[in-house]
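Engineer: coordinates only, sequence not included:
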């Protein structure tokens, strides 16, 4: 029983703005409800006594409804919702358009709408929604032309037209739904609410979505992770490309975050992302009907050599494996098949095979423990009747724990066998690649289901000091910090080279004398971004030269840019770059998902090779570790080409500490540690060093209150025991 | 009029082995021919007077046929072919199986078959073929169940089952063919012959292929390049993955080359490679019916915002651009559309649009000069009739020079409009991505058609010296050469550091004294592959130390491997690696495509990042240059990160000279120049240096005759004027 049960399973639905006027949305909604809804439909309209033969009430308060569908003109929508709230109708579907999608006036109206909903604690869909459907009660509270067939898919869409198109197609292809919701502008209820609801709904087998944006990325991730334990989620997230994102933004009036963030966030959420409509329904179909495979190994049984090769290619493309049969299996196949047959995978029962030979080959192969899934692939021959073959496949499938897909390669003769297979939940295609891809989706979901989500990395850090350092930025003209942000890293336990920022040559010399060996000196100025370009960096300075170098650096800065604010000079321990590997750990804040972490190897690897990986923060230890493993240049961290491996644990810990810092302080908009030098494992001491850092803060968020850590939960702040160390 | 015109357009076809026995292949072929063939069908079988009511002759010599279809048992196939040859039947289709695909005996029989065909100069299809079809004359010389519909696609397939499956599907979907050939084992005629024929056949609009291998890659490339000037070629090449290649090899009994070679070779040939059956026919369909776009810019006209976003994403995925409309276009759209419409691309005519509004929007957008192609994308609404919309699209399309595709998103209601569109050659899908991808295929083919193929790079080289060096390998126990192959590079004008291989300490000192600065010394032994691992390389040796270092290196080699053949020590000029970029230029010989060149940046870029590119040799100057441009690390050659750019011309020239060397000498099986150091552009002198080289030769090919250059055409050998320098 989901959290929105009353919305999807009401006893009485009021249509606020019901009318019998031809072509009106209010007529379409009323008529749709009257046609199929098992409960009561109550037209609400002070101008009529009855609508379409059903008695009409003047006010929603008279309707005694659980759900109100609002179709009145935009100018009176707010009043109508207010009336719903006052009347105790907790579920409202606002179909009326003319809100956030139409410009600033509409956006203001939408904000007010959300406030009213909040005041009355309403579960509100829309505005600008096509409506909702729920098939068990036959409720079609939309103005669309068709009701859905009953089934196990629950479908949410940020495009009403897409709902209409999909239903038209699904009805003609026998694909059924439990619930359907057109999300509209998502002023109140959004994708996360529906995922949460359907996750608890036993009649929903698979959740599918068409999304152009996600309102609250972090909340979505948390909720979806919980949901995908039992219920798979497949979604198209459009606006993937920059042109697409622009089109989406002009379509919905909201700013979409970067696709890197969606890619990382949806993956962390356990959502299977589809890139096309075909993929969406192929995936949803098989997830709703077939068991999950125990292994990634696929057996192919075919009467056609060439298509068998195509299917084998598709297995490799889909990151699955071709099953290696046991000796017992090949012996059994050898006994049962003619000599010309291929008894290895792909099994070729050859052109003169009848249905019985197919059946036997399938039975023998799926009995092999290595086989996780099977594809039956048939070309038309004189000896094969596709309908009989479909029957054999469903028979064997009934006895199987493993999933099966079919490819019947032909024209009209495949139609009925295909329906027969689909009725038993067995997907059937022409193209071998599509059959294999649908099996791959099952393996993908099995992996998602088996994921163990660890808690975010959390360390004992000095939040108070971090807050003071960020607070100090308020007094500056600039919202960017350079090396002076080193202290912030230090407060969060991220290892930085010894040193400090000084503002006299004498102090520079003093600091240098306290550091072993030569030092690096860098000008510190928020106005000079490219320090090395102006000679603002001196490397390998001996103690004796430190004071002179200080003067030199200051002079250069003044000459380069007389009006630059120069905060001083950083005197820093030299980090041995020779033995280390330069990495970059960065963060920028995505409008939907919040802090997005980036990891890559420094220099050419990020800049030229674009070899980077992303995660939405906060990250767990396994997530941070994956980041260090999944970049293509990862072998360089592990000692490729005869070098010592670096201490990857130190890199993972740094990612975790940065994750904690940027999660704690939303005022940090961007942060790059570049380079973070990863050093070979040595006894004791930190084997990573943040040599340089850049940081941008949100000046708006720099007042003392906003600077409070996001989550002041004592459970976390008082944690004395870091979960990772 | 193609080269195989008689094969596809005969007056009389003999069926050798014709029979009326139920279930026999000979019956199916005879019956298929008798059913539809406009010409004469002559059964040949000494056991019958007539077959299926048609008079039967005893011998093929009595048939007076242009084409003989051979369906007799394998044991008498050779005699039957011999008889065809003797009787002057120049075209033979061998359906009988039991040849190369069945093991060594069959392979021997197949070799003999090819010899007979050669003796009689036969154009022979098969063996192990389903047969051939040609629709203008209604000739169905296959044993398949269905004849093809007439159309403009000519189709070759290395899988007979795939032909059967495709025809079954195509017939039910109104897709027609000019010619169809099941290639079988390709003992005589192969894909290149059919490409060549159809390239000259005016009734063939598009050539499509299902291939598991290509017999002669170089010949295929040359022929396909010529053909694709007028006739597009789309092909599935299966066996792309290693498992798929293994399956293909067990299916056809032939060894497939590496997919890297196919990828490079098919691209160089101008073949559009499809990865699935859907892609194959989507591409072929639109190529056969729509004009090519002038630009890569696509206009989208839709009544559905969400699907419009999906289509926009697909434009980015397909490497096309969204058209930017001129001011005139947006003004015209603003006049014609309601205020809520989006007049920028994707144009949203909004949900209440009727067909006229769609038509107007389409007319206005395609009139914009920037628009190269258009997609009309419609969701079902109360105001749109899909059939009328299909009519409007075909009307506008008739007036347009630009291609158009349609997406009608719905169920059964799309069936008839889709047929109406397809009858006019306009592709129609549900999924917006598929519509865009088909438009992308047109842009792809336009680029192929516009390619200018330059001749292979050719330089004035010392072939005779190269031949002597390779010849000397005959006297050795090993077929690998290390640094001693430097001379070979030198003979082909590939710059190598100064130096030579010496076999006394005295001579080492003498050579070193003739070289500016310190030298590098390397042990030269075919038995020691990893010289540096055993201390067999000394870097930065001053002249005074050369003689001692010589002794050291020899001692180390002897200690490491007492039985190693030590040819001496290479004394070599030091190449300044600091200023240069290490690259790798390599070659290995593919069984189908011959010499496959590889280029990448040295060290981690090839080994860890797998950032490499391939071309089949010989390459033209533009092809060699593309290799240096298309690797992801290419910016490093062009001076990324503040370094001087290297002399890319010198790298391009080296690729060209290597291409010439490995093309001239098929005895060279593998060759790696690693590193080829690319240096910054300096005045005069070579700005690239082949610092190390490894080479493997084919001992079988080392007899003097085989060592003759492949192409001793004086036109090339005498070329005094290098085409590139």
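Structural biologist: Looks like it arrived, so ask away. The structure presented is a predicted model; accordingly, all values stated were derived computationally and were not measured. Numbers count the residues shown, from 1 in each chain, chains lettered A, B, ... in the order given.

Engineer: Is stretch A:203-214 positioned near chain B?
Structural biologist: Yes: remark: stretch A:203-214 sits within contact range of chain B at A:210, A:212, by CB under 8 Å from any CB of the partner chain. To be clear about C-beta, it is placed using only N, CA and C from the backbone, and glycine gets the same treatment.

Engineer: Tell me the confidence at residue A:484?
Structural biologist: Residue A:484 is assigned a pLDDT of 68 by the prediction.

Engineer: got it, and residue A:78?
Structural biologist: 96.

Engineer: what does the helix or strand containing it contact?
Structural biologist: Counting by DSSP states H and E, the element that carries residue A:78 is helix A:74-86. Helix A:74-86 has contacts (CB atoms under 8 Å, 6 or more residues apart in numbering or on different chains) with A:16-17, A:59-61, A:68, A:70, A:72, A:92, A:94, A:96-99, A:106, A:109, A:112-113, A:116-117, A:119-120, A:122, A:124, A:127.

Engineer: Now do stretch A:222-237: distance from first to last residue.
Structural biologist: Chord length of stretch A:222-237, first to last residue, is 18 Å (CA to CA, to the nearest Å).

Engineer: what residues are up against residue A:295?
Structural biologist: Taking CB under 8 Å, 6+ apart as the test, what residue A:295 contacts is A:321, A:323, A:370-372.

Engineer: Which pair of those residues spans the longest distance?
Structural biologist: Distances among the contacts of residue A:295 were taken as CB to CB; the most separated pair is A:321 and A:371, at 10.4 Å.

Engineer: Counting neighbours, go ahead and name the busier of these two.
Structural biologist: Using other CB atoms under 10 Å in any protein chain shown as the criterion, residue A:321 and residue A:371 rank with residue A:371 on top: 24 against 17.

Engineer: Quick check: the gap between the more buried one and residue B:243.
Structural biologist: 15 Å (CB to CB, to the nearest Å).

Engineer: repeat for residue A:569
Structural biologist: For residue A:569, the distance to residue B:243 - CB to CB - is 61 Å.

Engineer: Same question for residue A:168.
Structural biologist: Residue A:168 is 40 Å from residue B:243, by CB to CB.

Engineer: OK, contacts around residue A:645?
Structural biologist: Listed by CB under 8 Å, 6+ apart, the contact set of residue A:645 reads A:637-639, A:680-681.

Engineer: just the strands in the stretch 451-600 of chain A please.
Structural biologist: A:480-481, A:499-502, A:519-524, A:537-541, A:568-573, A:581-590, A:594-601 (DSSP state E, counting those that start in this stretch).

Engineer: mind listing what's buried in the fourth one?
Structural biologist: Taking 16 or more other CB atoms under 10 Å in any protein chain shown as the neighbour-count basis, strand A:537-541 is seen to contain the buried residues A:537-538, A:541.

Engineer: Quick one: mean pLDDT over that strand.
Structural biologist: 90.

Engineer: relative orientation of it and strand A:519-524 in degrees?
Structural biologist: Here strand A:537-541 runs at an angle of 160 degrees relative to strand A:519-524 (axes from the mean of the first three to the mean of the last three CA atoms, to 10 degrees).

Engineer: same question, the fifth one
Structural biologist: What separates the directions of strand A:568-573 and strand A:519-524 is an angle of 160 degrees, with the same axes, to 10 degrees.

Engineer: Strand A:568-573 packs against which elements?
Structural biologist: strand A:499-502, helix A:505-513, strand A:519-524, helix A:546-560 (3 or more CB pairs under 8 Å, 6 or more residues apart in numbering or on different chains; DSSP states H and E).

Engineer: please redo it, this time with the cut-off set to 6 Å
Structural biologist: strand A:499-502, helix A:505-513, strand A:519-524 (3 or more CB pairs under 6 Å, 6 or more residues apart in numbering or on different chains; DSSP states H and E).

Engineer: With respect to burial, which of those scores highest?
Structural biologist: Comparing the helices and strands packed on strand A:568-573 by mean neighbour count (mean count of other CB atoms under 10 Å in any protein chain shown), strand A:519-524 comes out on top with a mean of 25.

Engineer: Nearest to residue B:287 among the buried residues of strand A:537-541?
Structural biologist: Nearest to residue B:287, judged by CB to CB, of the buried residues of strand A:537-541 is residue A:537 at 57.8 Å.

Engineer: Am I right that that closest one is in contact with residue A:531?
Structural biologist: Yes: counting by CB atoms under 6 Å, residue A:531 is a contact partner of residue A:537 at 5.1 Å.
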